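Asks: Need coordinates for the following:
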Amino acid sequence: MLSDLWHAARSLSRARGLTVALVTTIGLGVGSQSSIDAFVRGLIGGNTRVTEPERVVSLFERDARGAPGALSFDRYLSLKAHADLFESVGAARESEALVALRDRSTVMSAAAITPDLARILGLTIKEGVLVSHRLWETELGASEVRGESIVIDGRESRVGEIAPEWLDGMYLGRAVDVWAPLDEPSLRVPDRVSRTFWVIARLHRGVTIADAAARVNAIRRDAGELVVRPYTRMTPETAAAMSRIAAMLAGAGAAVFLIACANVASFLLARAASRSVETAVRVAIGASRGRLARLLVSESLVLSAAGGAAGFVLAWWTKDATPILFYDQDAEQLLFAPEPARLAFVATAGMAAMAVCGLMPLVRLRRDTPASVLQRDGAGPTPTRRLGSASRFSPPFARASSSRAGRPPTRRSHTSTRSSRPRSRSIRSSRACGLALPREAGRRGDR
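Replies: Sure, this is the predicted structure:
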């Protein structure tokens, strides 16, 4: 097998133009598919860096119209009672607040969170208020602000930490500038019954999302239905829209990949057609169909391996090249989640598909026989090609015939058209071959 691969590599190196075109086509097909797969995974899975993300879920309550949304504080407390399902349950209430920091006062988006939610998100709120990474860079100049005084709606506190860069808000499109502890005793009755709390929980090990949803909905049938989804920093409406976009992108990537496969198959079929005489000669001198098939398989594997490696490099390079095309604010929202293992898997699958497409010349090899190939190539030009050749040479002969029209043939032109030298040569060669000629033909040749 190694000798076949080496022979295939040498054969492809002699056709550099075709090899470069095939490797480029395979690389673009595999690379585009891998890049789109990474973007779709980032689009659907979100960019969460919580510990054990497979156990972290978001809980939503459907309203009268069936749209999922936030929960009330009382419903949140009822969920905390399910200690057999949830390891911890946290809540956050988002609102617009007047924030005064460094002698500047402005309205910002603030989130009051419970200690359980802070532990799920990996935040530390015991030391004071957290400011978002975006606010710290853009408004505060990335300077040291820990320990400084901050006033939120008239309540003075201290800045404790800077929120992680990935946590610009609990959900996409809902940016939070300031994270503060939730003062539960100060909640009034309207605040407790209003659906303004976003709930995130961590499941116990062994508890599935379907089990948790079934059990929490079986207890309180009088309340709205609870929706339990993996925490991807997307609300159900946003997740549904992103799923449609992801399906469209996946379809476009599949179409590009199929076009690349068709181009590879057509390239290799054309190459097999141009080498039909060579293949027929090999079969005629004893090469078996299995041997020729192994050569085609080897060429297909070499091409797919080279193209797959190029596609993997292209997909990994896209991770760094794509954000450059956007502004900084837009690039931060770009959800691109490439993983070397995932890219390698997609590239390997693409290589396998391209290798299968590279076996298309086997169909032509199975139909062609040495006799049919030699008969087809030895039949000469087709009537269409003969007609084209005649049309190219007809004007000079036509001018020559028109210039000689009306003039009697001279002796010189007559003798020149019937030169005896070529005929004598043919006669002598015929005699040398032992062919019997009529006496009259021999006398004309001697003359």
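Asks: tell me the domain ranges of the protein?
Replies: 2-45+239-370, 53-233 (automatic domain parsing).
Asks: chain center to the last one, what's the gap?
Replies: Averaging C-alpha coordinates over domain 53-233 and over its chain gives two centres that are 35 Å apart (Cα atoms, centre = their mean, to the nearest Å).
Asks: and the longest helix for this protein?
Replies: Using DSSP state H to define each element, the chain has its longest helix at helix 236-274.
Asks: From the contact counts, what lies against that one?
Replies: helix 16-45, strand 226-230, helix 289-321, helix 340-357, helix 361-367 (3 or more Cβ pairs under 8 Å, 6 or more residues apart in numbering; DSSP states H and E). C-beta: built from backbone N, CA, C; applies to glycine.
Asks: Return the set of buried residues in it.
Replies: For helix 236-274, burial by neighbour count (16 or more other Cβ atoms under 10 Å) applies to 238-239, 242, 246, 249, 253, 256-257, 260-261, 263-265, 267-268, 271-272.
Asks: same deal with stretch 56-66?
Replies: Quick answer for stretch 56-66 (16+ other Cβ under 10 Å): Val56, Val57, Ser58, Leu59, Phe60, Glu61.
Asks: Kindly present those as JSON lines, with separate columns for distance to Ala92 and secondary structure.
Replies: JSON lines is the format used below for the buried residues of stretch 56-66 (distance: Cβ to Cβ, whole Å; DSSP: H, G, I helix; E, B strand; the rest coil):
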{"residue": "Val56", "distance to Ala92": "14", "secondary structure": "strand"}
{"residue": "Val57", "distance to Ala92": "15", "secondary structure": "strand"}
{"residue": "Ser58", "distance to Ala92": "11", "secondary structure": "strand"}
{"residue": "Leu59", "distance to Ala92": "12", "secondary structure": "strand"}
{"residue": "Phe60", "distance to Ala92": "13", "secondary structure": "strand"}
{"residue": "Glu61", "distance to Ala92": "15", "secondary structure": "strand"}
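Asks: could these be laid out in a markdown table, adding pLDDT?
Replies: Below are these laid out as a markdown table (pLDDT from 0 to 100):
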| residue | pLDDT |
| --- | --- |
| Val56 | 94 |
| Val57 | 94 |
| Ser58 | 94 |
| Leu59 | 94 |
| Phe60 | 94 |
| Glu61 | 91 |
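Asks: Format those residues as CSV; extra columns: distance to Thr114.
Replies: Below are the buried residues of stretch 56-66 laid out as CSV (distance: Cβ to Cβ, whole Å):
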residue, distance to Thr114
Val56, 15
Val57, 16
Ser58, 15
Leu59, 14
Phe60, 17
Glu61, 17
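Asks: List just the nearest of those to Trp198.
Replies: Distances from Trp198 to the buried residues of stretch 56-66, taken as Cβ to Cβ, are shortest for Ser58 (7.7 Å).
Asks: What strands flank the lengthiest strand in the chain, and is each parallel or antiparallel?
Replies: As assigned by DSSP state E, the longest strand anywhere in the chain is strand 86-101. Partner strands and pairing direction for strand 86-101 (DSSP bridges) are strand 104-113 (antiparallel), strand 149-152 (antiparallel), strand 197-203 (antiparallel).
Asks: Nearest to Gly17, out of these?
Replies: That would be strand 197-203 among the strands paired with strand 86-101, by Cβ to Cβ, at 57.5 Å.
Asks: between the helix or strand following that closest one and strand 197-203, how big is the angle?
Replies: As assigned by DSSP states H and E, the chain's next helix or strand after strand 197-203 is helix 209-219. Computed by axes from the mean of the first three to the mean of the last three Cα atoms, to 10 degrees, the angle separating helix 209-219 from strand 197-203 equals 120 degrees.
Asks: contact partners of helix 209-219?
Replies: 57, 59, 79, 82, 85-86, 203, 225-230 (Cβ atoms under 8 Å, 6 or more residues apart in numbering).
Asks: can I get the residues you listed in CSV with distance to Ala9?
Replies: CSV is the format used below for the contacts of helix 209-219 (distance: Cβ to Cβ, whole Å):
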residue, distance to Ala9
Val57, 52
Leu59, 58
Leu79, 63
His82, 63
Leu85, 59
Phe86, 59
Leu203, 53
Glu225, 62
Leu226, 61
Val227, 56
Val228, 55
Arg229, 51
Pro230, 47
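Asks: Tell me the buried residues within the residues you listed.
Replies: Looks like the contacts of helix 209-219 have Val57, Leu59, Leu79, His82, Leu85, Phe86, Leu203, Leu226, Val227, Val228, Arg229, Pro230 buried, using 16+ other Cβ under 10 Å.
Asks: Pull the contacting residues for the third one.
Replies: Pointing back at Leu79 there. So Leu79 contacts Leu59, Leu71, Phe86, Val89, Val199, Ala201, Val216 (Cβ under 8 Å, 6+ apart).
Asks: How about the fourth one, nearest residue that isn't a chain neighbour?
Replies: Of all residues not flanking Val89 in the chain, Ala201 sits nearest, at 4.3 Å (Cβ to Cβ, 6 or more residues apart in numbering).
Asks: Count residues in the vicinity of the one you found, would you?
Replies: 27 (other Cβ atoms under 10 Å).
Asks: If it is in a bridge, with which residues?
Replies: Beta-bridge partners, per DSSP bridges, of Ala201: Val57, Val89.
Asks: show me what contacts it?
Replies: With Cβ under 8 Å, 6+ apart, Ala201 has these contacts: Val56, Val57, Leu59, Leu79, Phe86, Glu87, Ser88, Val89, Gly90, Ile120.
Asks: related to what we said a few turns ago, and of the buried ones among the contacts of helix 209-219, the nearest to Leu182?
Replies: Distances from Leu182 to the buried ones among the contacts of helix 209-219, taken by Cβ to Cβ, are shortest for Leu79, at 15.4 Å.
Asks: if we can go back for a sec, so which one among the contacts of helix 209-219 has the lowest pLDDT?
Replies: Note: of those, the lowest pLDDT belongs to Glu225, at 86.
Asks: contacting residues around that one?
Replies: Neighbours of Glu225 in contact, by Cβ under 8 Å, 6+ apart: Glu61, Arg62, Asn217.
Asks: which of these lies closest to Val178?
Replies: For the contacts of Glu225, the nearest to Val178 is Glu61 (25.9 Å; Cβ to Cβ).
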